[in-house]
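**Student:** mind looking at a prediction? Sequence and model below.
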Amino acid sequence: MLTTGPRGTKDILPDSCGYWQYVEQTIREVCRSFAYQEIRTPVFEHTELFLRGIGETTDIVEKEMYTFADRGKRSITLRPENTAAVVRAYLEHKLYAGPQPTKLFYIGPMFRYDRPQAGRYRQFHQFGIEVLGAKGPAVDAEIISLAVRFFNKLGLNDLKLFINSVGCPECRPVYRAKLQEFFRDKVPNLCADCQSRFDRNPMRILDCKNETCTTHSQGAPHMVDCLCEECTSHFNGLKELLTAAGINFVTNPRLVRGLDYYTKTAFEIQYAPLGAQSAVCGGGRYDGLVAECGGQPTPGIGFAIGIERVLLALEKQALLPVITSAVDVFVAPLGIKTQAAAFKLLTELRQAGITADMDFMDRSLKAQMKYANKYPAKFVALIGEDELEQDKVMLKNMETGSQELINRAELVHMITEGMEK
Ligand code: ATP
Ligand code: MG
């Protein structure tokens, strides 16, 4: 137990942190160029926020939340997603009083009691976007193009964008009734989850992964055929904008979210080779959420991208960057007497902005050279007892193999010059 982490969690070891930093840096660059600002909210919130903000009939709330009573007997939940928390922060800090729309992004860990497998963990990380205050389809197109830009910048190919409209509280009840009509005599054949969804949230039957349910939902009516005028023009507007921006998409009537505050646009980006975990990005409009959380009615839209799945896709396409741990200089003291001089040199090198390390293991000359080679280090600065006495250092160029005895005071200057060449 003590030497194994909890199921569904992962250590990100030094070997892979460079990949994470690369992805995070790409996120920051893309968000900056689209004029989105970062927001960091706590990893835990009042449970009530997620009950309201995600919805009690969703898988997340029904089965996946890490909920516990804290020592003050408040019900606390580790965030399973971040939209509700961003909306909470937007209201708490009156971000609506600033320039509109409010365009935010976040990066951070989320927690869900999911069934762990490749691309599915209990602690995982999302990069997400939320835009509050803008209702037209242009902002839907903007966030989709931001996601596409992010994937393109990483060089990923073979991603597919699916879009749909889930209507609004005006047109959805009509569709819902049609859908129930369609499923009524099929209910006994559906999975247990879908049997209970039939009354509570029938649209979610369409999105069930169970094969029998998928078969039985063939031929079900489509939301896009039942949209009211406003939702139709919003959806057409989005398609027009995406086409104008050269973004390919496929309309997928199965892409649903059954809650009242999810409205109009729903979308997903998939990378098929990830199999059952093929969704790398999921998003949509939630024009009813801010009011649901206690604010003035305010339109909103967002998406979340699973960073682990992005890394899996990068790995599959051999797009992970080469990460180097190379140093410019490795300082090699020979014998305990030389250690203080070596340490002083190391400090000076680092102060001058040179990447440097030294031997901390009292290794022999041979072992130190071997170690420096492994790094790799461009130069090794050797200080033996002779060098110590003469205020010198033996500088070895590890690429050419040449070495030169130089004054210790000149080392920083020489290295800086050498690196500039
Ligand atoms: P799935 O159908 O795969 O469970 P979801 O509908 O639960 O996905 P969202 O809530 O839309 O996913 O989250 C957005 C993205 O976060 C997903 O597209 C996926 O990339 C990632 N994600 C969701 N759950 C997990 C998880 N348990 N482990 C790793 N990534 C996840
Ligand atoms: Mg899920």
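**Tutor:** Yep, that arrived. Numbering: from 1, shown residues only. Ligands and ions are numbered 1, 2, ... in the order given.
**Student:** what's in contact with stretch 144-153?
**Tutor:** Residues outside stretch 144-153 that contact it (Cβ atoms under 8 Å, 6 or more residues apart in numbering): 26-27, 29-31, 33-34, 36, 127, 129, 159, 161, 163, 242, 245, 247, 267, 269, 280-281, 283, 303, 305, 310. Using the backbone N, CA and C atoms, a C-beta is placed for each residue, glycine as well.
**Student:** again, only using 6 Å
**Tutor:** Among residues not part of stretch 144-153, those counted as contacts by Cβ atoms under 6 Å, 6 or more residues apart in numbering are 26, 30, 34, 159, 245, 247, 281, 303.
**Student:** which element, helix or strand, includes the nearest residue to the last one once chain neighbours are set aside?
**Tutor:** By that I understand residue 303. Leaving aside its sequence neighbours, residue 303 sits nearest to residue 283 (Cβ to Cβ, 6 or more residues apart in numbering; 2.6 Å). Assigned by DSSP states H and E, residue 283 belongs to strand 279-285.
**Student:** show me the contacts for the residue of the stretch 151-300 of the chain found nearest ligand 1.
**Tutor:** Nearest residue of the stretch 151-300 of the chain to ligand 1 (Cβ to the nearest ligand atom) works out as residue 282 at 2.8 Å. Residue 282 sits next to residue 268 when contact means Cβ under 6 Å, 6+ apart.
**Student:** next, the nearest residue to residue 289 once chain neighbours are set aside: secondary structure please.
**Tutor:** Nearest non-adjacent residue to residue 289, counting by Cβ to Cβ, 6+ apart: residue 261, 4.4 Å away. Under DSSP: H, G, I helix; E, B strand; the rest coil, residue 261 falls in the coil class.
**Student:** out of the contacts of stretch 144-153, which is most surrounded?
**Tutor:** Most neighbours among the contacts of stretch 144-153, by other Cβ atoms under 10 Å: residue 281, with 27 neighbours.
**Student:** what's opposite it in the beta bridge?
**Tutor:** Beta-bridge partners recorded for residue 281 (DSSP bridges): residue 269, residue 305.
**Student:** that one reaches residue 307, doesn't it?
**Tutor:** No - using Cβ atoms under 6 Å, residue 281 makes no contact with residue 307, being 10.8 Å away.
**Student:** distance check, the residue of the chain found nearest ligand 1 against residue 125.
**Tutor:** Across the chain, the shortest distance to ligand 1 (Cβ to the nearest ligand atom) belongs to residue 306, at 2.3 Å. As judged by Cβ to Cβ, to the nearest Å, residue 306 and residue 125 stand 7 Å apart.
**Student:** spell out which residues of the protein are next to ligand 1.
**Tutor:** 81, 112, 114, 119-121, 124, 126, 277, 279-282, 304, 306, 308-309 (Cβ under 6 Å from any ligand atom).
**Student:** quick revisit: now do the buried residues in the strand holding residue 283.
**Tutor:** 279, 280, 281, 282, 283, 284, 285 (16 or more other Cβ atoms under 10 Å).
**Student:** equivalent analysis for stretch 379-397, please.
**Tutor:** So for stretch 379-397, counting by 16+ other Cβ under 10 Å, buried means 379-384, 387-388, 392-396.
**Student:** need the max-distance pair from those.
**Tutor:** 379 and 388 (18.5 Å; Cβ to Cβ).
**Student:** is residue 137 in contact with residue 234, as I believe?
**Tutor:** Yes - using Cβ under 6 Å, residue 137 makes contact with residue 234 at a distance of 5.1 Å.
**Student:** any idea of the mean pLDDT in stretch 238-256?
**Tutor:** What stretch 238-256 shows for mean pLDDT is 96.
**Student:** return that stretch as PDB; C-alpha atoms alone will do.
**Tutor:** Taking Å, rounded to 0.1, in the frame of the first residue of the first chain, the C-alpha atoms of stretch 238-256 are listed here in PDB:
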ATOM      1  CA  LEU A 238     -22.200  28.200 -36.700                       C
ATOM      2  CA  LYS A 239     -21.900  25.900 -39.800                       C
ATOM      3  CA  GLU A 240     -21.400  28.900 -42.000                       C
ATOM      4  CA  LEU A 241     -18.700  30.300 -39.800                       C
ATOM      5  CA  LEU A 242     -16.800  27.000 -39.600                       C
ATOM      6  CA  THR A 243     -17.000  26.600 -43.300                       C
ATOM      7  CA  ALA A 244     -15.700  30.100 -43.800                       C
ATOM      8  CA  ALA A 245     -12.800  29.300 -41.500                       C
ATOM      9  CA  GLY A 246     -12.000  26.100 -43.400                       C
ATOM     10  CA  ILE A 247     -12.800  23.900 -40.400                       C
ATOM     11  CA  ASN A 248     -14.200  20.500 -41.400                       C
ATOM     12  CA  PHE A 249     -17.000  19.000 -39.300                       C
ATOM     13  CA  VAL A 250     -19.600  16.200 -39.300                       C
ATOM     14  CA  THR A 251     -23.000  16.600 -37.900                       C
ATOM     15  CA  ASN A 252     -23.700  13.900 -35.300                       C
ATOM     16  CA  PRO A 253     -27.200  13.700 -34.000                       C
ATOM     17  CA  ARG A 254     -26.100  11.400 -31.200                       C
ATOM     18  CA  LEU A 255     -24.100  14.100 -29.500                       C
ATOM     19  CA  VAL A 256     -26.300  15.100 -26.700                       C
END
